[in-house]
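Novice: coordinates for the following, if possible.
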Amino acid sequence: MRQKPTVAADVQRPSTWVRYRARLCRSCQGTCCRLPVEVSVGDLVRMGVVDAFEAEEPPHRLARRLARQGIIEHYSPGRQLFTLARLANEDCIYLDQRSRRCTIYERRPETCRQHPHIGPRPGYCAWRPR
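Specialist: You can find the predicted model right below:
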């Protein structure tokens, strides 16, 4: 049986990350939820912050509204991707501060669904013990 890592990773330095194993999530602070998360309009619909009717609006209008609501912090017109807002401590706005679990897990964006298979260091995660 593999041991848990003994050294915590630095989320900003992928070279310190550990090889991903699903059971690591149970004992982690949720440090992957401190990474910037890019989402599409489809993700926003799945998350419930935009309805299907609103999804037809020009993305820059959605971006303005969602930024005012504190849901996104950036919109990239060329890529038509939105970056989810983060708290002052860099946690995702959807990360529960007590449990360190995602509050929208079943509706989470595709980027989160694919982590750590895609991202800064595929196959590795920024595991930090609780």
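
Novice: from the chain's centroid, how far away is the helix ranked longest in the chain?
Specialist: In terms of residue count, the longest helix belonging to the chain (DSSP state H) is helix 59-68. Put simply, helix 59-68 sits 19 Å off its chain's centre (CA atoms, centre = their mean, to the nearest Å).

Novice: go on, stretch 25-38?
Specialist: 7 Å.

Novice: average pLDDT for that stretch?
Specialist: pLDDT averaged over stretch 25-38 equals 89, rounded to a whole number.

Novice: Phe82: how many residues sit nearby?
Specialist: Neighbour count of Phe82, defined by other CB atoms under 10 Å: 27. From N, CA and C alone the C-beta is placed, and that goes for glycine too.

Novice: what pLDDT, on average, does the host helix or strand of it get?
Specialist: Using DSSP states H and E, Phe82 sits within strand 81-84. In this model, strand 81-84 has an average pLDDT of 97.

Novice: which strands and helices lie in contact with that strand?
Specialist: strand 38-39, helix 59-68, strand 72-76 (3 or more CB pairs under 8 Å, 6 or more residues apart in numbering; DSSP states H and E).

Novice: is the residue nearest to Phe82 when sequence neighbours are not counted in a bridge, and if so with what?
Specialist: With sequence-adjacent residues excluded and distances taken as CB to CB, 6 or more residues apart in numbering, Phe82 is closest to Ile72, at 4.5 Å. With DSSP bridges as the criterion, Ile72 is bridged to Leu84.

Novice: pull the contacting residues for Ile72.
Specialist: 39, 63, 66, 82-85 (CB atoms under 8 Å, 6 or more residues apart in numbering).

Novice: coming back round to it: tell me which helix or strand comes right after the strand holding Phe82.
Specialist: Next along from strand 81-84, by DSSP H and E: helix 110-114.

Novice: mean confidence score for that next one?
Specialist: 94.

Novice: list the buried residues for that helix?
Specialist: Buried residues in helix 110-114, counting neighbours by 16 or more other CB atoms under 10 Å, are found at 111-112.
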